[in-house]
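Participant: sequence-free structure coming up:
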Ligand SMILES: Cc1ncc(COP(=O)(O)O)c(C=O)c1O
Ligand SMILES: N[C@@H](CCOP(=O)(O)O)C(=O)O
């Protein structure tokens, strides 16, 4: 498998290249050059298999020929042994034909662990083989950061810097990142939004001297190796509900468009997905572009689902690349226009193509709280605010559907204990932290607050790396 940049001018790379490069050198995102396909029989044969076995079958064509089967199987088995629920992504039923896929049973209690546990081990594998070291730099609105830190802490061949927006994550999310006591882990609180953090990250990748100097790699979903393991849970859920002999719908709480792009990728490889529902909070650029064609950046609104407080939705570029028939120049022009003017208009033909698969719903703060409350009243289940955005969107889609026979799976992306205040506000019940995190509030925090300024951040990274190398 080779990977091609969405902006068309970077060199093609193999899986290892895509993993280590993160963002392509032309500023684009890597996608598979062609989509491998799984037949109906291939999918049927996955019914009843364990999650790691499905993961191996789904991901194998994407890592081939870089990672031999036996090594890859070991990486997958070790990754999913860290989950408290052996099925990794269990389904629970919320209503007639409505399912929650619980993706928060990994070490840091959010769906990010599903990919990040694999990514950390893939880095180790490739770096050992090449006898190399890297500096991982990431941007987080709350969950990517802790999952990445958990996956990389203590590894001898990588240092990790995570930028989060100062005071814009939940306290649990922040403490999960800032209380990790490992020499190779560095947290930076940027005075700004997640978009500012992500812009800084992309600027570091696009500064080729800095990039080569610190040997940067990225753990955000701009890295294809983050998307790939997320395809697996769409396949696992769908085959357990009867695919390929029936179609399935998914609703995905969406921010950076990574998780839902993984659903799109699952469809491309042959999974019979009928609809993918984009569920947005008040930061609704994706809902607006689907419903009107106008892709216009607005202010980032802080919400009770902070991990989705995003306007610049990076992975949308991957979808655009397919919508524009893989014309890298057209995508580079659109992205330049976005940077220069803050807006572009999705072509009519491209929007019509997108609407064959995607629909979009915006869920406000009051509806989010009401949904947490209603789900608790109906089933005594506590859900987090991101999941609630998804459930409300799924209810609306189900109400509007003429054919109600297609199962709808809503991705439950975080554990309610990550957002205890709002869950308690809605239900009167405070979700407890799991056993391994009970001392979270007693642990010492370590992070550096920096202004939203590229020079200041890169200087800090250089100095910290130099100090870290003295202590190794
Ligand atoms: C809990 C939670 N839900 C939903 C999302 C949105 O996912 P994505 O950014 O891949 O669209 C995120 C952030 O990624 C998240 O942390
Ligand atoms: N919601 C994310 C934002 C970063 O998204 P990513 O999927 O590109 O890593 C977070 O929680 O940090």
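Facilitator: Okay, I see it. Being a predicted model, the structure only gives us computed values, none of them experimental. Ligands and ions are numbered 1, 2, ... in the order given.
Participant: does any part of stretch 254-263 sit near ligand 1?
Facilitator: Yes. Interface with ligand 1: stretch 254-263 contributes 254-260 (CB under 6 Å from any ligand atom). Every residue, glycine included, has its C-beta placed from N, CA and C.
Participant: From those residues, list the buried ones, please.
Facilitator: Buried members of the residues of stretch 254-263 next to ligand 1, scored by 16 or more other CB atoms under 10 Å, are 254-260.
Participant: on that earlier part again, can you lay out the residues of stretch 254-263 next to ligand 1 as JSON lines showing distance to residue 364 and secondary structure?
Facilitator: Formatted as JSON lines, these follow (distance: CB to CB, whole Å; DSSP: H, G, I helix; E, B strand; the rest coil):
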{"residue": "254", "distance to residue 364": "15", "secondary structure": "coil"}
{"residue": "255", "distance to residue 364": "16", "secondary structure": "coil"}
{"residue": "256", "distance to residue 364": "20", "secondary structure": "coil"}
{"residue": "257", "distance to residue 364": "20", "secondary structure": "coil"}
{"residue": "258", "distance to residue 364": "23", "secondary structure": "helix"}
{"residue": "259", "distance to residue 364": "21", "secondary structure": "helix"}
{"residue": "260", "distance to residue 364": "20", "secondary structure": "helix"}
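Participant: Can you tell me which of those is closest to residue 295?
Facilitator: Nearest to residue 295, judged by CB to CB, of the residues of stretch 254-263 next to ligand 1 is residue 257 at 11.7 Å.
Participant: Could I get the contacting residues of the closest one?
Facilitator: Residue 257 makes contact with 286, 313-316, 318-319, according to CB atoms under 8 Å, 6 or more residues apart in numbering.
Participant: what about residue 322, which helix or strand?
Facilitator: Using DSSP states H and E, residue 322 maps to helix 316-323.
Participant: other SSEs contacting that helix?
Facilitator: Helices and strands touching helix 316-323, by 3 or more CB pairs under 8 Å, 6 or more residues apart in numbering; DSSP states H and E, are strand 30-32, helix 258-268, helix 328-341, helix 348-355.
Participant: Now the helix or strand following the third one: buried residues?
Facilitator: On the C-terminal side of helix 328-341, the closest following helix or strand by DSSP H and E is strand 343-345. Buried residues in strand 343-345, defined by neighbour count with 16+ other CB under 10 Å: residue 344.
Participant: Report the distance from strand 343-345 to the chain centre.
Facilitator: Between the centre of strand 343-345 and the centre of its host chain there is 24 Å, according to CA atoms, centre = their mean, to the nearest Å.
Participant: what mean pLDDT does that strand have?
Facilitator: Mean pLDDT, strand 343-345: 97.
Participant: Repeat that for stretch 122-130.
Facilitator: Averaging pLDDT along stretch 122-130 yields 96.
Participant: Now do the same contact list for residue 410.
Facilitator: Contacts for residue 410 (CB under 8 Å, 6+ apart) come out as 94, 98-101, 250-252, 387, 390-391, 393-394.
Participant: Give me the subset of the residues you listed that lies in strands.
Facilitator: 94, 98-101, 250-252 (DSSP state E).
Participant: Okay, and residue 49 sits in which element?
Facilitator: Assigned by DSSP H and E, residue 49 falls within no helix or strand.
Participant: quick one: the residue lying closest to residue 278 once chain neighbours are set aside and residue 254, what's the gap?
Facilitator: Leaving aside its sequence neighbours, residue 278 sits nearest to residue 360 (CB to CB, 6 or more residues apart in numbering; 4.1 Å). Distance, residue 360 to residue 254, by CB to CB, to the nearest Å: 8 Å.
Participant: same check, this time on residue 140
Facilitator: When residue 140 is compared with residue 254 (using CB to CB), they lie 16 Å apart.
Participant: Ligand 1 contacts on the protein?
Facilitator: Looking at ligand 1, the residues of the chain close enough under CB under 6 Å from any ligand atom are 110, 142-143, 221, 253-260, 307-308, 386, 413-414.
Participant: And for residue 87, nearest residue in space, chain neighbours not counted?
Facilitator: Using CB to CB, 6+ apart and skipping the chain neighbours, the partner closest in space to residue 87 is residue 51 (5.9 Å).
Participant: same thing with residue 359?
Facilitator: Among residues not flanking residue 359 along the chain, residue 277 sits closest, at 5.3 Å (CB to CB, 6+ apart).
Participant: Quickly list what the one you found is bridged to.
Facilitator: Following DSSP bridges, residue 277 is listed with bridge partners residue 251, residue 359.
Participant: check contacts around it.
Facilitator: By CB under 8 Å, 6+ apart, the residues touching residue 277 are 249-252, 358-361, 393-394, 397, 408.
Participant: Most neighbours among these, which one is it?
Facilitator: Ranked by neighbour count (other CB atoms under 10 Å), those have residue 251 at the top, with 32 neighbours.
Participant: wait, doesn't it sit right on residue 408?
Facilitator: Yes. Between residue 251 and residue 408 a contact is recorded at 6.3 Å, counting by CB atoms under 8 Å.
Participant: which neighbours do the two share?
Facilitator: 277, 394, 397.
Participant: Pull the contacting residues for residue 266.
Facilitator: Counting by CB under 8 Å, 6+ apart, residue 266 touches 231, 234-235, 238, 273.
Participant: go on, residue 308?
Facilitator: By CB under 8 Å, 6+ apart, the residues touching residue 308 are 141, 253-255, 280-281, 283, 386, 389.
Participant: Now residue 369: closest residue in space, sequence neighbours ignored.
Facilitator: Excluding the flanking residues, the one nearest residue 369 by CB to CB, 6+ apart is residue 426, at 4.7 Å.
Participant: Need the three-state assignment for that neighbour.
Facilitator: helix (DSSP: H, G, I helix; E, B strand; the rest coil).
Participant: residue contacts, it?
Facilitator: 369-370, 372-373, 376.
Participant: Let's have those in TSV, adding secondary structure, distance to residue 8 and pLDDT.
Facilitator: Output for the contacts of residue 426, formatted as TSV (DSSP: H, G, I helix; E, B strand; the rest coil; distance: CB to CB, whole Å; pLDDT from 0 to 100):
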residue	secondary structure	distance to residue 8	pLDDT
369	helix	44	98
370	helix	45	98
372	helix	44	98
373	helix	48	98
376	helix	49	98
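Participant: Kindly supply the ChimeraX command isolating those of these that are buried.
Facilitator: To isolate in ChimeraX the members of these that are buried, counting by 16+ other CB under 10 Å, one can use:
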select :369,372,373,376
